[in-house]
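Colleague: fold the following for me, if possible:
(2 chains)
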Protein chains: 2
Amino acid sequence: VMMGSGVFAKAFTLEHAYAATDTEGKTVKGELERIGYIGSEEPGEHPIGSYFETHIEQGPVLEDHDKTIGVVTGVLGIRWYDCTVTGMEAHAGPTPMALRKDALQVASKLMQEVVACAHRHPPHGRGTVGMVQVHPNSRNVIPGRVKFSIDLRNASDALCDAMDTDIRGVAARLSAESGLPIQIDIVSSYPAQPFHAECVDAVARAAAKLGYSNMPAVSGAGHDAVYMARLAPAGMIFIPCKDGISHNEIEDAKPEHITAGCNVLLHAMLERAGVVA
Amino acid sequence: VMMGSGVFAKAFTLEHAYAATDTEGKTVKGELERIGYIGSEEPGEHPIGSYFETHIEQGPVLEDHDKTIGVVTGVLGIRWYDCTVTGMEAHAGPTPMALRKDALQVASKLMQEVVACAHRHPPHGRGTVGMVQVHPNSRNVIPGRVKFSIDLRNASDALCDAMDTDIRGVAARLSAESGLPIQIDIVSSYPAQPFHAECVDAVARAAAKLGYSNMPAVSGAGHDAVYMARLAPAGMIFIPCKDGISHNEIEDAKPEHITAGCNVLLHAMLERAGVVA
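Modeller: Here you go, the predicted structure:
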């Protein structure tokens, strides 16, 4: 994802992006050559004063607040973990409650705590368990092992660190209480990217000047602006999308919201360029 | 399972048992004919005064209490359910906590309650969630639907009914609190089977007379004695097995415990037959 901006900002190499393949094995480089779109300019050499990006929110907040423009203050940092609770597989019938080592009972407590951890780090803390594997996953067998994903997000790396410490502390306590080992492995980590104060202000001023209802917003998903913010002052403009749905054929944004987003983009850029509109 | 006693007690028909196939498609009838073991007697016609059965416990209780003989008072009733919690699938990044309909958060609360329900119905209540399916089961997607199994057991049908009422009440409360539909479907139900008081006493007296350490026990799994108890006074004798493991190549019972189990079986049968040993 974000391949062009990633190469431009040297988050990864041009060769890395060129070598990426689709499910049929076609490479990015091969396909760019085939359609005549492979460029000759050295990526990253183009000078940039400021960077702005308009995008649908991909979430439900603007729609929920009935606002036209989201003034994006930054992109949340992300920590991805795999968590494994190890118990003892046993028959659900002959094994009394007191003699069980039920991995799912401990895992489901920790799943509750992933959400509680997000609530303990407001207003932008987010905690999600999206993926669960139960072993042996049989109706009359007490689970001997449960593996699940943890996705923690927050607005700064310090807050992501605090959530990391929080959930590891909870896991250690649950492990001590239950006697069952709990392993938490970090899988991926993406730093938080606050946007440049002057760009954020330029977006807010443009929205106000044009008379669009607006509110501060954070982005929970990655965007090109994350990489571009490493090179130049950057900012983003969100507009509402129906039910927060994106990357889907039923993704839907209203024409008047798209117009508003483009107008704010134009006026924020004019301000940063020193042009009076 | 329990095919011979099931036909004998008319829990299902001879034709049903004959027609059962293994994974290679071989029928019970065909294989009995092939090995020369198909009988000519009408199943169920053989008269029975009392029925006794000795078995490894298939659980950890006797080993945990360091007792040689379990005087089995009955077999637990079983209720199997499928439970489905329906939320709204959404991206883990852009969706704030307050706007989520996280099916797994509600499901994992109910998983906790399955175990709590068993503890609310002691001493024999058992509650197990063995099987979980999360949809779409992706690391950065809030689960839109979670389906899981519930296995509830207790010593009488009245107690099984009470656990059924309990868990359905909890599910209704969690559904009302979260706004997420929770569906609970019964999949199978096996009635509890208490054993005949005189048979239970005969087992206890035999163990005491022979000087074996013993304790009352319940069976969480089914046995032939469950079907036979429908025809005649019945009882069971448990002996310990290592770590409660059964139906497994590492199943292990000590020779002295097997001897003790056989001796108790003999003396209980002699007492019921009116023979003084």
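
Colleague: assign the spatially closest residue to residue A:3 that is not a sequence neighbour to helix, strand or coil.
Modeller: Counting by C-beta to C-beta, 6 or more residues apart in numbering or on different chains, residue A:17 is the residue found nearest to residue A:3 once chain neighbours are left out, at 4.9 Å. The way it works is simple: take the backbone N, C-alpha and C, and place the C-beta from them, glycine included. Of the three states, residue A:17 takes helix according to DSSP: H, G, I helix; E, B strand; the rest coil.

Colleague: in the stretch 101-250 of chain A, which residue sits closest to chain B?
Modeller: Nearest residue of the stretch 101-250 of chain A to chain B (C-beta to the nearest C-beta) works out as residue A:220 at 3.0 Å.

Colleague: what sits against the residue lying closest to that residue once chain neighbours are set aside?
Modeller: Excluding the flanking residues, the one nearest residue A:220 by C-beta to C-beta, 6+ apart is residue B:93, at 3.0 Å. The neighbours of residue B:93, taking C-beta atoms under 8 Å, 6 or more residues apart in numbering or on different chains as the test, are A:58-59, A:76, A:78, A:126, A:153, A:219-222, B:140.

Colleague: got the phi/psi numbers for residue B:93?
Modeller: Note on residue B:93: its backbone torsions stand at phi -80, psi -70 [degrees, to the nearest 10].

Colleague: now it: how far from residue A:152?
Modeller: Using C-beta to C-beta, to the nearest Å, one obtains 11 Å as the distance from residue B:93 to residue A:152.

Colleague: any common contacting residues for these two?
Modeller: Contact criterion C-beta under 8 Å, 6+ apart; residues shared by residue B:93 and residue A:152: A:78, A:126.

Colleague: need the longest helix for chain A.
Modeller: Using DSSP state H to assign secondary structure, the helix with the most residues in chain A is helix A:157-178.

Colleague: list the buried ones in it?
Modeller: Judged by neighbour count using 16 or more other C-beta atoms under 10 Å in any protein chain shown, the buried positions of helix A:157-178 are A:157, A:159-160, A:162-164, A:166-167, A:170-171, A:174-175, A:178.

Colleague: before we move on, what about stretch A:193-205?
Modeller: Buried positions in stretch A:193-205, judged by neighbour count with 16+ other C-beta under 10 Å: A:193-196, A:199-200, A:202-204.

Colleague: next: stretch A:219-229.
Modeller: Neighbour-count burial for stretch A:219-229 flags A:219-229 (criterion: 16+ other C-beta under 10 Å).

Colleague: same for the longest helix of chain A, what does it pack against?
Modeller: On a contact count with 3 or more C-beta pairs under 8 Å, 6 or more residues apart in numbering or on different chains; DSSP states H and E, helix A:157-178 meets strand A:77-86, helix A:103-119, strand A:145-154, strand A:182-190.

Colleague: can we see that at 10 Å?
Modeller: The helices and strands touching helix A:157-178, judged by 3 or more C-beta pairs under 10 Å, 6 or more residues apart in numbering or on different chains; DSSP states H and E, are strand A:77-86, helix A:103-119, strand A:126-128, strand A:145-154, strand A:182-190.

Colleague: is chain B within reach of the second one?
Modeller: Yes. Helix A:103-119 is in contact with chain B by C-beta under 10 Å from any C-beta of the partner chain, via A:104-105, A:107-116, A:118-119.

Colleague: please indicate which of these are buried?
Modeller: Among the residues of helix A:103-119 next to chain B, those that count as buried by neighbour count (16+ other C-beta under 10 Å) are A:104-105, A:107-115, A:118.

Colleague: isn't residue A:141 right next to residue A:94, touching?
Modeller: No. Assessed by C-beta atoms under 10 Å, residue A:141 is found out of contact with residue A:94, at 11.6 Å.

Colleague: need the residues of the stretch 151-277 of chain A near chain B, please.
Modeller: By C-beta under 10 Å from any C-beta, the part of the stretch 151-277 of chain A that sits against chain B consists of A:151-153, A:187-188, A:217-222, A:238, A:241, A:243-247.

Colleague: adjacent strands (with direction) for the least confident helix or strand in chain A by mean pLDDT?
Modeller: Across the helices and strands of chain A, the lowest-confidence element by mean pLDDT, DSSP states H and E is strand A:90-91, at a mean of 92. According to DSSP bridges, strand A:90-91 has the following sheet partners: strand A:141-142 (antiparallel).

Colleague: list the contacts of the partner strand.
Modeller: A:87-93, A:95, A:100-105, A:134-136, B:126, B:128-131, B:151 (C-beta atoms under 10 Å, 6 or more residues apart in numbering or on different chains).

Colleague: can you pull the contacts of the residue nearest the centre of chain A?
Modeller: Averaging the C-alpha coordinates of chain A gives a centre point, and the residue nearest to it by C-alpha atoms, centre = their mean is residue A:221 (3.4 Å). Contacts were defined as C-beta under 10 Å, 6+ apart; by that measure residue A:221 touches A:1, A:55, A:57-59, A:75-76, A:78, A:153, A:246-247, B:91-95, B:140.

Colleague: apart from its neighbours in sequence, what residue is nearest it?
Modeller: Take residue A:221 and drop its neighbours on the chain: the residue closest to it by C-beta to C-beta, 6+ apart is residue B:93, 4.1 Å away.

Colleague: correct me, but residue A:153 touches residue A:74?
Modeller: No. Taking C-beta under 10 Å as the definition, residue A:153 is not a contact partner of residue A:74, at 11.5 Å.

Colleague: and these two? which has more neighbours close in?
Modeller: Residue environment comparison for residue A:153 versus residue A:74 gives the larger neighbour count to residue A:153, 29 against 24, counting by other C-beta atoms under 10 Å in any protein chain shown.

Colleague: could you give the bridge partners of that one?
Modeller: Under the criterion used (DSSP bridges), residue A:153 bridges to residue A:78, residue A:126.

Colleague: looking at residue A:141 and residue A:94, which is more packed in?
Modeller: residue A:94 (25 against 20).

Colleague: which SS state does that one fall under?
Modeller: Quick answer, by three-state DSSP: residue A:94 is coil.

Colleague: quick one: which of the buried residues of stretch A:219-229 sit in strands?
Modeller: residue A:219 (DSSP state E).

Colleague: neighbours of residue A:188, just the number please.
Modeller: Here the neighbour count serves as a burial measure; for residue A:188 (other C-beta under 10 Å) it reads 10.

Colleague: from residue B:144, how far out is the nearest residue to residue A:109 once chain neighbours are set aside?
Modeller: What sits nearest to residue A:109 in space, not counting adjacent residues and going by C-beta to C-beta, 6+ apart, is residue A:174, at 5.7 Å. Using C-beta to C-beta, one gets 27 Å for the distance from residue A:174 to residue B:144.

Colleague: residue A:132 too?
Modeller: Following C-beta to C-beta, the distance that separates residue A:132 from residue B:144 is 13 Å.

Colleague: more neighbours: which of the two?
Modeller: Remark: of residue A:132 and residue B:144, residue A:132 carries more neighbours, 25 against 18, as counted by other C-beta under 10 Å.

Colleague: hmm, residue B:132 and that one touching each other?
Modeller: Yes. Because the distance of 5.6 Å satisfies C-beta under 10 Å, residue A:132 is recorded as touching residue B:132.

Colleague: overlap in contacts, those two.
Modeller: Contact criterion C-beta under 10 Å, 6+ apart; residues bridging residue A:132 and residue B:132 by contacting each: A:104, A:107-108, A:146, A:148, B:104, B:107-108, B:146, B:148.

Colleague: can you lay out those residues as JSON lines showing distance to residue B:41?
Modeller: Below are the shared contacts of residue A:132 and residue B:132 laid out as JSON lines (distance: C-beta to C-beta, whole Å):
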{"residue": "A:104", "distance to residue B:41": "47"}
{"residue": "A:107", "distance to residue B:41": "52"}
{"residue": "A:108", "distance to residue B:41": "52"}
{"residue": "A:146", "distance to residue B:41": "50"}
{"residue": "A:148", "distance to residue B:41": "55"}
{"residue": "B:104", "distance to residue B:41": "55"}
{"residue": "B:107", "distance to residue B:41": "51"}
{"residue": "B:108", "distance to residue B:41": "53"}
{"residue": "B:146", "distance to residue B:41": "51"}
{"residue": "B:148", "distance to residue B:41": "45"}
